[in-house]
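Chemist: A predicted structure for the sequence below; I have some questions about it.
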Amino acid sequence: MSKPKPHNKESLNKNALTTKSKKDKTKLLKHIYNSKKWKELRKKHIDEHPLCECCGDIATQVHHIIPFSNGKSEKEIKKLAYDPDNLVSLCKSCHLKKHN
Ligand SMILES: [Zn+2]
Ligand SMILES: [Zn+2]
């Protein structure tokens, strides 16, 4: 069974998307951060894990254990981005430390 590919507004840039250049990757990452799906997933994760998993403070941010920018394809990137097992709740300062 093949999954039908939903049409999206990005299809204007169809050729660029298939080349998977850095610029397109940035665009995809931005698209994920702005997506309703991510925002809902993020909110749900904070609801279920309200405390920072590093220091126990109130969590305000959700961090990806494996950065979804590591994904080598759009499919892989989305899988990492939306995988609840790949998320941890963090407070702002612990989140900053994770990225430094
Ligand atoms: Zn913390
Ligand atoms: Zn992070």
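Modeler: Structure received. Ligands and ions are numbered 1, 2, ... in the order given.
Chemist: can we go C-alpha only for contacts and neighbour counts from here?
Modeler: OK.
Chemist: any idea which element Leu96 lies in?
Modeler: Per DSSP states H and E: Leu96 is located in helix 92-98.
Chemist: How about exporting that helix as PDB, limited to the C-alpha atoms?
Modeler: This file holds the C-alpha atoms of helix 92-98, laid out as PDB (Å, rounded to 0.1, in the frame of the first residue of the first chain):
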ATOM      1  CA  LYS A  92      15.200  27.600  30.000                       C
ATOM      2  CA  SER A  93      18.600  27.600  31.600                       C
ATOM      3  CA  CYS A  94      19.100  23.800  31.300                       C
ATOM      4  CA  HIS A  95      18.000  24.000  27.700                       C
ATOM      5  CA  LEU A  96      20.600  26.700  27.000                       C
ATOM      6  CA  LYS A  97      23.200  24.500  28.600                       C
ATOM      7  CA  LYS A  98      22.200  21.500  26.400                       C
END
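Chemist: now the strands for this protein?
Modeler: For the chain, applying DSSP state E gives strands covering 61-64, 87-90.
Chemist: follow-up on the earlier one: pull out the buried residues from the helix holding Leu96.
Modeler: Within helix 92-98, the residues scored as buried using 16 or more other Cα atoms under 10 Å are 92, 94-95.
Chemist: What parts of the protein come near ligand 1?
Modeler: 52, 54-55, 91, 94 (Cα under 5 Å from the ion).
Chemist: Can you tell me which of the residues you listed are buried?
Modeler: For those, buried by 16+ other Cα under 10 Å: 52, 91, 94.
Chemist: Stretch 69-81: which residues count as buried?
Modeler: 69, 71, 74, 77-78, 80-81.
Chemist: Nearest to ligand 1, out of the residues you listed: which one, please.
Modeler: Closest approach to ligand 1 among those (Cα to the ion): Ala81, at 21.1 Å.
Chemist: mind showing which ranges of this protein have poor pLDDT?
Modeler: Across the chain, the ranges flagged by pLDDT under 70 are 1-20.
Chemist: The spatially most central residue of it: what's it in contact with?
Modeler: By Cα atoms, centre = their mean, the chain has its centre lying nearest to Ala81, at 3.2 Å. Applying Cα atoms under 8 Å, 6 or more residues apart in numbering, one finds that Ala81 lies in contact with 32, 38, 64, 67-68.
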